[in-house]
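>>> Pasting a predicted model and its sequence here:
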2 protein chains.
Amino acid sequence: MTGPESTPATAREVATHSLRLRRIGIDTYQEPVIYMRSDCHVCRSEGFEAQARVNVSNDKRTITATLNVITGDLLAPNEAGLSEAAWRLLDAAPGEKVMVSHPAPLESLGHVRAKVYGQRLEEAGMRAIVRDIVAGRYSDVHLASFITACATAPLNHRETIALTRAMIDVGDRLTWGKDVVVDKHCVGGLPGNRTTLLVVPIVAACGLTIPKTSSRSITSPAGTADTMETLAPVELDLQAMRRVVEREGGCIVWGGALGLSPADDILIRVERPLDIDSEGQLIASVLSKKAAAGSTHVLIDVPVGPTAKVRSHEAAHAMSRNLTEVGRAIGLHVEVVLTDGSQPVGRGIGPAMEARDVLAVLQGEPGAPLDLRERALLLASRILEFAGHVPAGQGHAWAQRALDGGQAWDKFQAIAEGQGGLREPTRAPHTHPVMAPRSGRITGIDNRRLARVAKFAGAPLDPAAGVELRAACGDDVDKDQPLFVIHAQSRGELQYALDYVRMQPDILCVQASP
Amino acid sequence: MTGPESTPATAREVATHSLRLRRIGIDTYQEPVIYMRSDCHVCRSEGFEAQARVNVSNDKRTITATLNVITGDLLAPNEAGLSEAAWRLLDAAPGEKVMVSHPAPLESLGHVRAKVYGQRLEEAGMRAIVRDIVAGRYSDVHLASFITACATAPLNHRETIALTRAMIDVGDRLTWGKDVVVDKHCVGGLPGNRTTLLVVPIVAACGLTIPKTSSRSITSPAGTADTMETLAPVELDLQAMRRVVEREGGCIVWGGALGLSPADDILIRVERPLDIDSEGQLIASVLSKKAAAGSTHVLIDVPVGPTAKVRSHEAAHAMSRNLTEVGRAIGLHVEVVLTDGSQPVGRGIGPAMEARDVLAVLQGEPGAPLDLRERALLLASRILEFAGHVPAGQGHAWAQRALDGGQAWDKFQAIAEGQGGLREPTRAPHTHPVMAPRSGRITGIDNRRLARVAKFAGAPLDPAAGVELRAACGDDVDKDQPLFVIHAQSRGELQYALDYVRMQPDILCVQASP
């Protein structure tokens, strides 16, 4: 490999610890990394070693990055490279000068350690942690430790309120000039539960304001934003989102693009590979986002079932109380609905297939999944009543009229147009059915394992990947009749998902007929 | 930048998902990383994205690595690069072919999650976790989560035994053909407590076998191996270590180079940036290493003090019981000595300065630190008696004779020669004194903060960096008299340590004279 042309470092560069940026095009996902030669003047004089955390500044910004040391000739001695994530965060330009220095000691890690060693986090400690996270001072290893500590020694009520407030404080907060702004959220754990894409158009068609920001998947095969994205653009900025909501009364956009929950956006990148989320963080994440979006009334759907995220009514009631009380502490009206979490909703699991279920309900197709339709009507009716928009007892009739009369579908199309244009969900090139091992009745579905199949198949990164259910609880099936079909974008991923299914034979439990 | 010459991928390379290795020289510390082009045939057909964990195999080995995706022309389409750590683990050669595939799902993470959610880890779960860690299947984020969970929900007695056994099972175990093989360990937390370098030559000079494997620093400014390395090579392989012990009766080598504790060697890389260690992991780490080294009798030094690792006698007694009982469960005689942990031992903090304290004691210099000498004699005498080598009550006289008669210094020199040759510890080019803010008496020393000063100054990576104490508890000092001197290899680090001292003014507490 020919070395890059080498311009010697100037005296000024040496004196100011500056290096010239070269774009080397390495994608480390979201972790900011700086690449510096082991023999560059900055490494030598500052004593930097690989994996050190360093501050990198250009004229505009300062970020903290992890150092990877270049021992070959990828860079000239007075050059530095950045991972694509660091390049974006710094808003860097090729050839511009950056200064590299030791970051201030990360004192807030002392609060994380105190939590690990059994102490409770106070407001000041929580604020210090969240501020450092948002400033990008935590490496992925630090983030993993904070997330794990808060799940292992679960946050109590005070800690949850402290975390929620800290997360609100580090972001912007929208205002809509209305007395009532509604929102909904599902705590997840139920594959295919894509009611948001129905509730928003129904409620907006009835005249309420519902500026819905959704997340991408954290640990599931699809987040609402992933599903909506197969139908319309979701990465709107604040101004574009405001235009859609002011014209249509609602939107379904990705919250991450708005920067309303900067702490959450960072925590998610580590929650995903760990597959851990805790109630305290979940509540802080949800309610801080709702507060930031300017909502006044929030309905929360908590599916309860043996393999859902919340497994017992006792746990669900505890979570309800916690949600309602933390909501009150930060000035939000929160109402919780417990729903059936025993099996997936609709037929598709994975962004594009879930989107097709939604379209079938909106368009009133005869074969549209009834369970998805009924859940959406229930949630919409509760929002209409809880926000005082229609008299008690009349919510369901209003919601059903909007759906069956076509106003909800019109509203959905208008919202999709406002967000950049309605589009058709894609289909995956590789599919493979998984057959019933025997004749009998389906007595249970393991939501968690089914979700893992969809993830191994490539969802949500490949929007067309996932699982298409062909049978539900209570159905009678014949031996070798398809139970579900795996969809994948590549043969490798299809095989990966099939390997997992082979190791986990009873994802759909078929009890032999007597 | 000119692109590397591009040879198109052959049909066979495409069919077998193989890529040719190019050495690109990126040091990511210990995390194995593979660099692949986003448009290479393997990424495309397997659906790999940045941060994915992938299996990489050559003819000899298979490792798991984190994927960084190259979007520029650093690599040709049929090439892959490796971080230096991955290159070493795979024993790779430039131009050789590697196959890249999806790793098997990491089922043992389910046990980590169960621990996070409040369950106890059983032997089988612990073994599965440790096996996957040693196989390199855990990313740094997974390791951080496991370590944090075990510190936040402390391991109980059964879990500690399970972890200790699992850690022994994944490594080799030495045998020495002797009935009694002794060892010592200090649980740390006390800067400068470098008694091992004295105890080993004293005990070996008295005729016992003490094959001492030491660790490098985890969270402290110097580990015993770091200090010994400033005096002699410590990275010996098993055969070389055996030669030294068989000839001299003892050695002081770095355990990491022997591969006796492969799990521990990996956990350490994440414990260091987190600055977390828990009692269960500490006990498993210590005792699994002693068992692997073939010891029968182990003396453990537990310093107790308000800012030491163990802060109360109650906690020390609990740890003693735990150490003794876990030792019994795995067939080791363990004895614990509680020692004074109220202030640093000797004068130096940092590898080279601690080594000079040791030399002063061995050579009987008049100004040698008395506290270090007395602790070493105490520990050596307890080992001599506890192993049944000398009658009860005579240990101290034996140890003192060996030290004052010069046999211990002769033995140390012989061991150092056997390990590759005695050498002189280096000195740092930059020093700066920190003065007493007022006249008065030193009433306390914050060991933890003092250790952090030494770390900010560059210890242990720069062996000559650290802190040289000029005053001890109980001393009377005048205003502007030096309390300690910071030593650093670079101006940047010196400044970093001074900035920290400025924010933490009372590391040595000087109470004004009345």
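Structure's in. What do you need?
>>> My read is that A:Asp264 contacts A:Ser285, right?
Yes. A:Asp264 lies in contact with A:Ser285 (CB atoms under 8 Å); the separation is 5.0 Å. Any C-beta I mention is one placed from the backbone N, CA and C, and that applies to glycine too.
>>> Looking at the two, which one has more neighbours?
Between A:Asp264 and A:Ser285, A:Asp264 has the larger neighbour count (other CB atoms under 10 Å in any protein chain shown), namely 26 against 23.
>>> roughly how far apart are the more buried one and A:Val130?
The gap separating A:Asp264 from A:Val130 is 10 Å, by CB to CB, to the nearest Å.
>>> What of A:Gly421?
Distance of A:Gly421 to A:Val130, given as CB to CB: 37 Å.
>>> Would stretch A:184-201 count as contacting chain B?
No. Stretch A:184-201 lies apart from chain B when judged by CB under 8 Å from any CB of the partner chain; the minimum separation is 13.8 Å.
>>> buried set for that stretch?
A:184-201 (16 or more other CB atoms under 10 Å in any protein chain shown).
>>> Quick check: end-to-end length of it?
Terminal residues of stretch A:184-201 lie 12 Å apart, using CA to CA, to the nearest Å.
>>> A:Met167: which element?
helix A:157-169 (DSSP states H and E).
>>> pLDDT averaged over that helix, what's the number?
Per-residue pLDDT over helix A:157-169 has a mean of 95.
>>> again, but for stretch A:286-294
For stretch A:286-294, the mean confidence score works out to 93.
>>> Identify the contacts common to A:Asp264 and A:Ser285.
When contacts are counted by CB atoms under 8 Å, 6 or more residues apart in numbering or on different chains, the set common to A:Asp264 and A:Ser285 consists of A:Met167.
>>> rewinding a little: same question for the helix holding A:Met167: list its buried residues.
Neighbour-count burial for helix A:157-169 [16+ other CB under 10 Å]: A:159-168.
>>> quick check, nearest of the residues you listed to B:Ile252?
A:Glu159 (45.9 Å; CB to CB).
>>> Skip the chain neighbours and tell me the closest residue to the closest one.
A:Leu121 (5.1 Å; CB to CB, 6 or more residues apart in numbering or on different chains).
>>> ditto for A:Ala454
A:Pro221 (3.6 Å).
>>> Sketch out the low-pLDDT regions of the stretch 401-514 of chain A for me.
Where the stretch 401-514 of chain A drops to pLDDT under 70, the residues are A:514.
>>> now the helices: where do they sit in it?
Along the stretch 401-514 of chain A, counting by DSSP state H, counting those that start in this stretch, helices occupy A:407-418, A:447-456, A:491-503.
>>> Okay, angle between the shortest one and helix A:491-503 too, please.
On the basis of axes from the mean of the first three to the mean of the last three CA atoms, to 10 degrees, helix A:447-456 is oriented at 160 degrees to helix A:491-503.
>>> Which strands and helices lie in contact with helix A:447-456?
Counting contacts by 3 or more CB pairs under 8 Å, 6 or more residues apart in numbering or on different chains; DSSP states H and E, helix A:447-456 is packed against strand A:348-349, strand A:466-469, strand A:482-488, helix A:491-503.
>>> With respect to B:Val42, which of the ones you listed lies nearest?
Across the helices and strands packed on helix A:447-456, closest to B:Val42 is helix A:491-503 (CB to CB), at 8.6 Å.
>>> can you redo the helices and strands packed on helix A:447-456 as CSV with mean neighbour count and distance to chain B?
As requested, the helices and strands packed on helix A:447-456 are exported to CSV (neighbours: other CB atoms under 10 Å in any protein chain shown; distance: least, CB to the nearest CB, whole Å):
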stretch, mean neighbour count, distance to chain B
strand A:348-349, 32, 17
strand A:466-469, 27, 13
strand A:482-488, 23, 8
helix A:491-503, 19, 4
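>>> Save those as JSON lines, and put in distance to B:Ala225 too.
Converted to JSON lines, the helices and strands packed on helix A:447-456 look like this (distance: least, CB to CB, whole Å):
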{"stretch": "strand A:348-349", "distance to B:Ala225": "52"}
{"stretch": "strand A:466-469", "distance to B:Ala225": "51"}
{"stretch": "strand A:482-488", "distance to B:Ala225": "49"}
{"stretch": "helix A:491-503", "distance to B:Ala225": "42"}
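>>> Can you read off the pLDDT for the residue nearest to A:Glu159?
Reading off the model, A:Leu121 has pLDDT 96.
>>> okay, now it: neighbour count?
Residues within reach of A:Leu121, counting by other CB under 10 Å, total 26.
>>> Next, A:Asp179: secondary structure please.
Put simply, A:Asp179 is coil when judged by DSSP: H, G, I helix; E, B strand; the rest coil.
>>> The residue nearest to it when sequence neighbours are not counted: what's it in contact with?
Spatial nearest neighbour of A:Asp179, chain neighbours left out: A:Thr296 (7.2 Å); criterion: CB to CB, 6+ apart. Applying CB under 8 Å, 6+ apart, we find A:Thr296 in contact with A:179-182, A:332-333.
>>> same thing with A:Arg311?
With CB under 8 Å, 6+ apart, A:Arg311 has these contacts: A:304-305.
>>> List, one by one, the residues from the stretch 151-300 of chain A near chain B.
Counting by CB under 8 Å from any CB, the stretch 151-300 of chain A comes close to chain B at A:151-153, A:270, A:273-276.
>>> and of the residues you listed, the nearest to chain B?
Looking at these and their distance to chain B, the nearest is A:Thr152, at 3.8 Å (CB to the nearest CB).
>>> Count residues in the vicinity of A:Asp237, would you?
By the criterion of other CB under 10 Å, A:Asp237 has 11 neighbours.
>>> Hmm, it is touching A:Ala257, no?
Yes. The pair A:Asp237 / A:Ala257 is scored as a contact, 6.7 Å apart, by CB under 8 Å.
>>> residues in contact with the residue of the stretch 51-200 of chain A found nearest chain B?
With CB to the nearest CB as the measure, A:Gly72 is the residue of the stretch 51-200 of chain A nearest to chain B, at 2.8 Å. Neighbouring residues of A:Gly72 by CB under 8 Å, 6+ apart: A:1, B:23-26.
>>> Likewise for A:Gly171?
A:259-263, A:288, A:292.
>>> Same question for A:His157.
A:322, A:325-326 are the contacts of A:His157 under CB under 8 Å, 6+ apart.
>>> Could you export those residues as CSV, including secondary structure and pLDDT?
Formatted as CSV, the contacts of A:His157 follow (DSSP: H, G, I helix; E, B strand; the rest coil; pLDDT from 0 to 100):
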residue, secondary structure, pLDDT
A:Asn322, helix, 94
A:Glu325, helix, 96
A:Val326, helix, 97
